[in-house]
Every structure is written in C-alpha cells, then in structure tokens.
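**Q** structural data only, the sequence is not supplied:
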Ligand SMILES: [Zn+2]
C-alpha cells in the first residue's frame, strides 16, 4: 500500500500529461512558448549606453533605434539577446574599472539591414543578427581631463585608458574585440565586440547561433497574463503580484486587490519603468527590481529601506524601534512598558492618562494617581 500510494500520484500525473495532446493554436500547430529574447539592455547606464545623437547631429547612434523601440523619454535604446546580457555586464565592468564609457553605435540588427553609411548589406550570419554583438566607440578623459571619443582609427592605436579597457575585455572568456573580427573587406573591425557565437558560419553555423538568431527574430511582446523571463527570454506566467484576474499587469503597474484592476505602481515601488514586487527592492543604480535581503522582507510593507528594521510587519525607522514593536508617531519607547504616548513617559515606565510622574527617594521615578 505504501509503495503504491507513493508511486501512484506521480505516475498518474505523468500519464495524464502524456495523454493530453499539446495545446493547439488556432492554425492547428502546437502552441510554442512566445520568445521575448530581444530586449533593451539598460544594465549599465553610466558606462555602456547608446551613443545618443549630439545637438549638431555630428555624432550619435545611427542604427540602434531602428531595431529597438525608444524608451519612455524618446531616447534610443540598444537591443540584444538576453543571453548576451552577461557579456554586456562584463564589458560594463571593464569600462567602469577604466573610467571609460562604451558608446554603442549598433547592437542587434535585423538580417538584411544595411549598415548606414557603408553601402553594404551584411550576410545574415553576423552575430549582430543574433543580438550577440555591439559596435562601439569609447569615450575617455585625455591627459588634460578633456572628454574625447576614440573611434576608428583611434581604436587601432588607442590612448592609455582605452588600451587598458581593451586589455580587460581580452580577459573575458570567449569575448572577441579590439580588431579580432574582420569586417567584410577583411580588415580588422575595430569597433566590433561579440562573443563568438557564430564561429563556423557561414559554412556551418553552430546550433547555438541558429537557435539564438531564431529566438531574437521571433521575439515579440508577451501575451496577456505573461511577462518576459529575462533569464530565458521566454514569456512566462507573470509574477503573482502582477496577475490581475485573467491578465498580468504591464510593467510599471500592479494589481489593486479591491478593484481587481491594474493601477499605476505606488511611487515607492516604481523602479526603472517596472513595479517591484513586495519582496523586491529597487536597485537605483541599475533601475532593476532585485530580491530584497531576507532581513528586510517585511510583511505587507514589502522590503524595508536600509535604514529601517522590520517590526511586527512594519518597516520601522530606528528612532521608533522598541523591542519587537514599532512605536507609532507620538509614542516613545520605555524599558518596562514598551511604546508609550510621549506625554505619559515616566523614566522607564508609562503612566496611565492623568497620572503624575513623581520622584520618590526610595523608589525613584514612578506614577501616582490617574
Ligand atoms: Zn559589428
């Protein structure tokens, strides 16, 4: 009986799954998970960003905005495969360590999209078509502290800060940069950085490249009730906090339990266009929600600020912490009686309303009357 009881449930469950045909889409094809692999990369606002057009139009990204929607402020964004984000984070770390800024001219490009100003249409086997490459200039401060931008041919013979940045890039496993990849004429492509995903192309592209290229080409907005899992780049059921009836609230909104409607995120939980869950805190540096440290998780208040402590499910400022409780506004903490209306505090205790706080030679301070 024991064995049958234990084995029966999982076997029955597995059999039930096998008996069900895959859910069919209206066209009769099995429904495939929706890809959302192509996403704006915003993880390095200080040291890796789109080269925004300058006021005189002389400089600025020419291609990013063509393949990636502008952000809420109308600024061009760079899009890449979420599977390339870790490489971008590593490039970011090198830039920060060398006090340079990576000015991205181009990231993801749709296959067949002409490179502006170059006159040639690249093959579909470039890492740009899988969202695994960027072309970038490097902004640095010269010996007199003036901001300069190192483009080609500067990148071929870079000044010290850029050379040091390049050395850092060359230590990142698998990363190709600094002229290691040739352009269509066979010359070193100095601004180009990729992770070598397409090695073997064009004669025999590896499955990893073909998979990611398909993933980014088929990337789109997630259906209602789903959000993009940025780890996998596949749409997944939304976080519980954003599930609202049959839909999932869009980023930046949350479900109001009383009305069952999506409402704008409360200011304290808004984070880079998203709305953090109760168990998350906003990393203001990256603009991303992150799980809050266990010590700061606090009931309905969510994630306490660093200078607050969780007491009875409330985030409590330090001056109001009182043992396991958090005193209210207008209360003070007493050793013997806990939180006490400030007017009734009597040394270590709390007098009843109307009582006097008096000093006795024998007993010290104490309450009388009331
Ligand atoms: Zn390139």
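**A** Perfect, I can see it now. Treat the numbers as computed from the prediction; the structure is a model and nothing was measured.

**Q** need the helices for the protein, in chain order.
**A** Secondary structure of the chain by DSSP state H: the helices cover 2-19, 64-67, 85-97, 160-169, 207-217.

**Q** hey, which strand is longest across this structure?
**A** In the chain, with assignment by DSSP state E, the single longest strand is strand 133-141.

**Q** gap between that one and the chain center?
**A** 22 Å (CA atoms, centre = their mean, to the nearest Å).

**Q** what's it packed up against?
**A** Contacts defined by 3 or more CB pairs under 8 Å, 6 or more residues apart in numbering; DSSP states H and E place strand 133-141 against helix 85-97, strand 101-106, strand 147-150, helix 160-169, strand 192-194. The way it works is simple: take the backbone N, C-alpha and C, and place the C-beta from them, glycine included.

**Q** and of those, who's closest to residue 283?
**A** Ranking those by proximity to residue 283 (CB to CB) places helix 85-97 first, at 13.0 Å.

**Q** who's in contact with the closest one?
**A** Here helix 85-97 makes contact (CB atoms under 8 Å, 6 or more residues apart in numbering) with 39, 41, 43-44, 46-48, 80, 101-102, 132, 134, 138, 165, 168-169, 172, 174-175, 193, 195, 230.

**Q** ok, 7 Å please
**A** Helix 85-97 has contacts (CB atoms under 7 Å, 6 or more residues apart in numbering) with 41, 43-44, 47-48, 80, 101-102, 165, 168-169, 172, 175, 193, 195.

**Q** what does stretch 174-183 give?
**A** 87, 156, 166, 169-170, 188-190, 192-196.

**Q** so does it get close to the ion?
**A** No: contact of stretch 174-183 with the ion (CB under 5 Å from the ion) is absent, the minimum separation being 7.3 Å.

**Q** just to revisit the earlier point, filter the contacts of stretch 174-183 to the buried ones?
**A** Neighbour counting by 16 or more other CB atoms under 10 Å classes 87, 166, 169, 189-190, 192-196 among those as buried.

**Q** ok, the residue in the stretch 101-250 of the chain that the ion sits nearest to - contacts?
**A** At 3.5 Å from the ion, residue 192 is the closest residue in the stretch 101-250 of the chain, using CB to the ion. By CB under 7 Å, 6+ apart, the residues touching residue 192 are 133, 135, 181.

**Q** one step back: export the helices and strands packed on strand 133-141 to TSV and tack on distance to residue 365?
**A** As requested, these are exported to TSV (distance: least, CB to CB, whole Å):
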stretch	distance to residue 365
helix 85-97	57
strand 101-106	63
strand 147-150	65
helix 160-169	65
strand 192-194	71
